[in-house]
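Q: can you look at this prediction? I've put the sequence above it.
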Amino acid sequence: MSATGEVIVSTGELPDRDRVRGFVDDAHARFAGVDDGFVADYIPALAAADRHLFGLSMVAADGVSHDVGDAHHPFSIQSISKAFVYALVCQELGHEAVLDRIGVDGTGLPFDSVMALELNAGATMNPMVNAGALATTSLLPGATSVDKWEVLVSGLSAFAGRRLVVDEEVYASEAATNQRNQAIARLLQSYGTIYADPTETTDIYTRQCSLLVTAHDLAVMAATLADGGVNPVTRERVVDAAVCRAVLAALATSGLYEQSGRWLATIGLPGKSGVSGGIITVAPGKGGLATFSPPLDAAGNSVRGRLATRYLSQALGLNIFASAPHPDHG
Ligand SMILES: NC(=O)CC[C@H](N)C(=O)O
């Protein structure tokens, strides 16, 4: 049941609180010593991140949370923002209309690929790569960029349950080095697949990526998607259940970039990563998990985050593709 009493997905509950706590603590202990991967440095301000930071947060659909390690360390949200801006735009325009414009199929190419656009005649393909995220941000309602920003920041804050603020240093650093995103926005303009001024849109997108969050905030945000759009801590409805379904489908196809298929095959849950080292994972009807650890693999996904999420999905029985035999069949 969601906080409003609406049945979201009848996939059962998480195991009891103490078992969840035990497994989350265990996941932290098991993978804290893993030292593979590289901290992103193409945005200069991110290169300074401490590679040893490692936080986990699990928030159940009833709002109960468990945090371990650096779960309260602030970092810029980066690409994880794409999931929530997509939710806000789907809520505003209707998810089917947004799906028709943005798409929801994987590109098989890196998140900042220009080639993906050229190969698909300017189609953005999905909202989780930069082209689709820029087009999604361009669909935010508002007469001015100030109005659009306010819709965005108040919407993401409602998901988190507290007012989020921009890390101005990360914003300035990315704004000075985001020529590739500016180029993608211009290319979209040439194809007619961006729906507001490309320069203004890229600036709003860069700001959205610079919003500061913690793993705990991200777990609350993920739990809101798990809870059919109701923040389980504040009890505020942020988006409709139908919007959550659309967002989770988009995460399943493309939340982990070109590793989305492997993620789904090994973890069996929709997720979204970002280059600052965060990953959110949603167990529909059950809760949200967030991990934070800066070193990334070749696709840009947190190494420790993927390992801890895989462990917890298995330990807590969260894989949405798992099936038990019918009781009559033993
Ligand atoms: N994968 C990411 O987290 C990318 C976000 C980053 N702000 C970019 O646009 O390049």
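A: Alright, I've got the coordinates.
Q: domain boundaries for this structure, per the record?
A: Per automatic domain parsing, the structural domains of the chain span 17-77+211-319, 80-209.
Q: just say which of these is most tucked in.
A: Mean neighbour count (mean count of other C-beta atoms under 10 Å) peaks for domain 17-77+211-319 among these, with a mean of 22. To be clear about C-beta, it is placed using only N, CA and C from the backbone, and glycine gets the same treatment.
Q: picking that back up, now tabulate the domains of the chain in TSV and tack on mean pLDDT.
A: Shown next, in TSV, are these (pLDDT from 0 to 100):
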stretch	mean pLDDT
domain 17-77+211-319	96
domain 80-209	97
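Q: check contacts around residue 220.
A: 59, 65, 159-161, 231-233, 288 (C-beta atoms under 8 Å, 6 or more residues apart in numbering).
Q: for residue 37, that is, sorry about that
A: By C-beta under 8 Å, 6+ apart, the contact set of residue 37 is 51, 295-297, 302-304.
Q: so which of those sit within strands?
A: Counting by DSSP state E, no part of those is found in strands.
Q: make TSV from the residues you listed and add distance to the ligand to it.
A: Formatted as TSV, the contacts of residue 37 follow (distance: C-beta to the nearest ligand atom, whole Å):
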residue	distance to the ligand
51	17
295	14
296	9
297	12
302	11
303	15
304	16
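Q: from those, pick the one nearest residue 223.
A: Proximity of the contacts of residue 37 to residue 223 (C-beta to C-beta) peaks at residue 302, which lies at 19.2 Å.
Q: I figured the closest one was touching residue 310, is that so?
A: No: using C-beta atoms under 8 Å, residue 302 makes no contact with residue 310, being 11.9 Å away.
Q: which residues do these two both contact?
A: Joint contacts of residue 302 and residue 310 (C-beta under 8 Å, 6+ apart) do not exist.
Q: mind listing the helices for the protein?
A: 17-31, 80-93, 95-102, 115-119, 130-138, 145-160, 168-175, 179-191, 198-209, 215-226, 241-254, 260-266, 303-315 (DSSP state H).
Q: so the fifth one, near the ligand or not?
A: Yes: under the criterion of C-beta under 6 Å from any ligand atom, helix 130-138 makes contact with the ligand via residue 130.
Q: by contact count, what packs against that helix?
A: Secondary-structure packing of helix 130-138 (3 or more C-beta pairs under 8 Å, 6 or more residues apart in numbering; DSSP states H and E): helix 80-93, helix 95-102, helix 179-191, helix 198-209.
Q: same check on the shortest one?
A: Other helices and strands packing on helix 115-119, by 3+ C-beta pairs under 8 Å, 6+ apart, are helix 179-191.
Q: ditto for the third one
A: Counting by 3+ C-beta pairs under 8 Å, 6+ apart, the packing neighbours recorded for helix 95-102 are helix 80-93, helix 130-138, helix 241-254.
Q: what lies in contact with the second one?
A: Contacts to helix 130-138, defined as C-beta under 8 Å, 6+ apart, come from residues 79, 82, 85-86, 89, 98, 101-103, 111-113, 116-117, 124-127, 148, 152, 180-181, 184-185, 187-188, 193-196, 198, 201-202, 204-205, 208.
Q: same thing but 6 Å
A: Contact with helix 130-138 is made by 82, 85-86, 89, 102, 111-112, 117, 124, 126-127, 181, 184-185, 193-196, 201, 204-205, as judged by C-beta atoms under 6 Å, 6 or more residues apart in numbering.
Q: which of those residues are close to the ligand?
A: Near the ligand, by the rule C-beta under 6 Å from any ligand atom, you find 111-112, 181 out of the contacts of helix 130-138.
Q: quick one: stretch 153-171 near the ligand?
A: No: Stretch 153-171 stays clear of the ligand (C-beta under 6 Å from any ligand atom), getting no nearer than 8.8 Å.
Q: all set now, cheers.
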